[in-house]
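J.: Generate a structure from the sequence data that follows.
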Amino acid sequence: MGSKLVKEGLTKAPHRSLFKASGLTDEEMSRPLIGVVNSFNEIVPGHVGLNDITEAAKKGVLMAGGTPLEFPAIAVCDGIAMNHEGMKYSLSSRELIADSIEAMTIAHGLDGLVIIPNCDKNVPGSMMAAARINIPAIVISGGPMLAGRFKDKDVDLISVFEGVGSVTTKDMTMEDLAALENSACPTCGSCSGMFTANSMNCM
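T.: Modelled structure (predicted):
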């Protein structure tokens, strides 16, 4: 186990003391230490529901005989970041996600990972980290957003983009666009469409 590097032997007494300061017992430290990467935040629709999945994953780790240790990962929403300076940060966030998961895992001697991502740069960044670190890892998708309904048709985020164009060409009123905007993204989850998050989740 990689965690032997941080928990076994005379010279690891300070390490064990620090783990105990975080609430771990000797029995919990004797098990494999499994990082649970929760990319929950209150900004990105794909990530607002991830706490529930994370709690279920942690219970699963306990049931399998491991000790779950949760830590965060960032997530940028491409849809909110686009069309302004924020988009310059989107692709680079993928590397930050991979680097930060790798840093946390190696620095703390974790034996395995459960990674819970759900957006366009977060899913590949998480997979990159898992491949780099090369320890047992499970990637759990947060799941897709459901389609909305507008004028008896299924709609999604792409429909809103198209609606902006339709208003520009006078084929849709601002009132209808507002109604579409309010209907197109009815739930949390990765944006409904074959964008990077969903295509990577299919893998």
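
J.: what number of residues lie near residue 159?
T.: 21 (other C-beta atoms under 10 Å). Backbone N, C-alpha and C define where each C-beta goes, glycine included.

J.: contacting residues around it?
T.: Residues in contact with residue 159, defined by C-beta atoms under 8 Å, 6 or more residues apart in numbering, are 148, 150, 180, 184.

J.: Quick check: which element contains residue 71?
T.: Using DSSP states H and E, residue 71 falls within strand 67-72.

J.: how about that strand as PDB, C-alpha atoms only?
T.: Listed next in PDB are the C-alpha coordinates belonging to strand 67-72 (Å, rounded to 0.1, in the frame of the first residue of the first chain):
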ATOM      1  CA  THR A  67     -11.000   4.600   4.900                       C
ATOM      2  CA  PRO A  68     -12.400   7.400   2.700                       C
ATOM      3  CA  LEU A  69     -10.600  10.800   2.700                       C
ATOM      4  CA  GLU A  70     -12.500  13.500   0.900                       C
ATOM      5  CA  PHE A  71     -10.800  16.400  -0.900                       C
ATOM      6  CA  PRO A  72     -12.000  18.900  -3.500                       C
END
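
J.: Show me which positions of that strand end up buried.
T.: Residues 67, 68, 69, 70 are the ones in strand 67-72 that count as buried (16 or more other C-beta atoms under 10 Å).

J.: residues in contact with the third one?
T.: Contacts were defined as C-beta under 8 Å, 6+ apart; by that measure residue 69 touches 33, 34, 35, 36, 108, 110.

J.: okay if I get those residues as TSV plus distance to residue 50 and pLDDT?
T.: TSV is the format used below for those (distance: C-beta to C-beta, whole Å; pLDDT from 0 to 100):
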residue	distance to residue 50	pLDDT
33	21	99
34	17	99
35	15	99
36	11	99
108	21	98
110	19	99
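
J.: Looking at these, which are in strands?
T.: Judged by DSSP state E, strands contain the following of these: 33, 34, 35, 36.

J.: out of those residues, which are buried?
T.: Buried members of those, counted by 16+ other C-beta under 10 Å: 33, 34, 35, 36.

J.: Identify the residues contacting the residue nearest in space to the middle of the chain.
T.: Centroid-nearest residue in the chain: residue 117, 2.2 Å away (criterion: C-alpha atoms, centre = their mean). Residue 117 is in contact with 37, 39, 73, 75, 97, 123, 125, 126, 139, 141, 142, counting by C-beta under 8 Å, 6+ apart.

J.: how about the helices in the protein?
T.: Secondary structure of the chain by DSSP state H: the helices cover 4-7, 13-21, 26-30, 50-63, 78-81, 90-107, 122-133, 157-168, 174-183, 196-202.

J.: got the domain boundaries for this structure?
T.: Domain assignment for the chain, taken from automatic domain parsing, gives 4-145+194-202, 148-183.
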